[in-house]
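*Asks:* Generate coordinates for the sequence data below:
(chains A and B)
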Amino acid sequence: MQDSGINVLFMGSNFLRLLEGLCVTLRISLISVILSIPLGIFFGIFMTLKNPFSKAISRIYLEFIRIMPQLVLLFIAYFGVTRAFGWSLSADVSATVVFVLWGTAEMGDLVRGALISIPKNQYDSAFALGMTKAQTFIHIVVPQTFRRLIPLTINLTTRMIKTTSLVVLIGITEVLKVGKQIIDANRFEYPSAALWVYGVIFLLYFLACWPISVMAKKLEKRWG
Amino acid sequence: MQLNWGFMEKYLPMYIDAAILTVKIAFGGILFSLITGFICAIVRYYKIPILNGIAIVYIELSRNTPLLVQLFFLYFGLPKIGVVLSAEACAIIGVTFLGGSYMAESIRSGFESIDKVQLESAASLDLGPWLTMKEVVFPQAIAVSVPGICANVIFLIKETSVVSGIALADLMYVTKDLIGLYYETDEALLMLVIFYLIILLPISIIASVLERRLRYAGFGD
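*Replies:* Below you'll find the predicted structure:
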């Protein structure tokens, strides 16, 4: 029975279990994105401050988070923090913390880019019309940065979903782990299960990310 | 925090071997993804029938799936239909599959930045497609593409950290191994961070220098 490995997917609740596994990573990425957006907006505004001290701090934070592979950050949070401070964070919590820290840095950089892309004469014109700083920010700056940021934020979401696939390497039972369990359980009856299971996981990730990417591209075209 | 220097000294050679493996996979992957990316960019730019469709499907598939899942499919899935590859070959193919699409988009954005007038002028000089690409489009496009390509290079080196998932003894793998064996967590993680900094910092600095220089070399307007 060379090519019957596909049957494994329809046995019992296997397919449902895979979907549940995918939901574990999707949930982590969704929570991280939702937390990263407000934090990233604050961080982005913080980065545009002229204060040299705040500039240095935000720069070091951004560069460190950016240059380290996310898996290294996960290892530091999961293995290192436990050891150094004696907090024993669960894998879920440390993954969420890492992805929020990473998302905040990325989102902050996007916000900063959008903020500094507004030409100075717009501020001058607003002040010339007698608007206060707050009014300028609400009526002039926010609407323009908002449009620029929405597609970029949606893109960040797909990156987050793809990156959260790493959590299997710190022992979270997500879709790849469930896939492995299914393959191991059917090793003798369906030796070719691995091909189908990992193929389906590949497609599931694609189906999760692709619509979001398409939406981002459309919005970018319309508002760009 | 008391660091165990003896431990770090003892396992330094392991880290060096692991770093060499990381660099090797990254180098192979980046080289092949540049080639793949260039081919895809040409196909997409000239809208070569059929191939253009294939390139679009490939780019979307590769950009919307994580490298770890691609690697699992290559390493655990493909042997079931008789395609048995070594872990190292899988890693390089995986990085190429992922990086090719990112490189293609960066290179294509360079091509697209060339004004149509220039192509028409080249055609009126009877340059032909090969010479137009070689003498007109490519030299200008590359200046536009380089910042994107550099960002992709850094991104791909970082992505190679997941090859530990298919049992390659890279930096992540060695670190996890040592943490599991000796509980010298601080030391192992510190070495991990230092080794990634040694690999990534110079490249990141070169990239930002290159970007600044190329911005000067604006052609046309």
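*Asks:* who's in contact with A:V81?
*Replies:* A:V81 makes contact with A:W87, A:L89, A:S94, according to CB atoms under 8 Å, 6 or more residues apart in numbering or on different chains. Bear in mind the C-beta positions are built from the backbone N, C-alpha and C, glycine included.
*Asks:* and the next element down the chain from the helix or strand of chain B with the lowest mean pLDDT?
*Replies:* Across the helices and strands of chain B, mean pLDDT, DSSP states H and E gives its lowest value to helix B:128-131, namely a mean of 86. Following helix B:128-131 in sequence order, the next helix or strand is helix B:138-159 (DSSP states H and E).
*Asks:* and the very next helix or strand once past that following helix, how far out from the chain's middle?
*Replies:* Sequence-wise, the next helix or strand downstream of helix B:138-159 (DSSP H and E) is helix B:171-182. The chain centre lies 25 Å from the centre of helix B:171-182; the measure is CA atoms, centre = their mean, to the nearest Å.
*Asks:* May I see the buried residues of helix B:171-182?
*Replies:* By 16 or more other CB atoms under 10 Å in any protein chain shown, the buried positions in helix B:171-182 come out as B:L171, B:M172, B:Y173, B:V174, B:T175, B:K176, B:D177, B:L178, B:I179.
*Asks:* low-confidence ranges in chain A?
*Replies:* A:1-4, A:224 (pLDDT under 70).
*Asks:* Please determine whether the longest helix along it lies in contact with chain B.
*Replies:* Ranked by residue count and defined by DSSP state H, the top helix of chain A is helix A:14-47. No: applying CB under 8 Å from any CB of the partner chain, one finds helix A:14-47 separated from chain B by no less than 9.2 Å.
*Asks:* all helices of the chain, in order?
*Replies:* The chain I'm using is chain A. Applying DSSP H to chain A gives helices spanning A:7-10, A:14-47, A:52-67, A:70-75, A:81-85, A:91-116, A:120-128, A:133-136, A:142-163, A:175-185, A:193-223.
*Asks:* hmm, I had chain B in mind actually
*Replies:* Using DSSP H, helices in chain B cover B:5-46, B:51-63, B:67-72, B:87-112, B:116-124, B:128-131, B:138-159, B:171-182, B:185-216.
*Asks:* mind putting those helices in TSV, distance to chain A included?
*Replies:* Output for the helices of chain B, formatted as TSV (distance: least, CB to the nearest CB, whole Å):
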stretch	distance to chain A
helix B:5-46	10
helix B:51-63	6
helix B:67-72	5
helix B:87-112	10
helix B:116-124	19
helix B:128-131	28
helix B:138-159	4
helix B:171-182	5
helix B:185-216	4
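*Asks:* from those, which stretch is densest packed?
*Replies:* Each of the helices of chain B was scored by mean neighbour count; the highest is helix B:67-72, a mean of 26, by mean count of other CB atoms under 10 Å in any protein chain shown.
*Asks:* Just the mean pLDDT for that one, thanks.
*Replies:* For helix B:67-72, mean pLDDT is 94.
*Asks:* remind me which residues of chain B are low pLDDT?
*Replies:* In the predicted model of chain B, residues B:1, B:215-221 satisfy pLDDT under 70.
*Asks:* Next to chain B, which bits of chain A? Give me the list.
*Replies:* Contacts of chain A with chain B, taken as CB under 8 Å from any CB, map to A:5, A:67-72, A:75-76, A:79-80, A:82-84, A:158, A:162-163, A:165-166, A:168-169, A:176, A:179, A:183, A:191-199, A:201-202, A:205-206, A:209-210, A:213.
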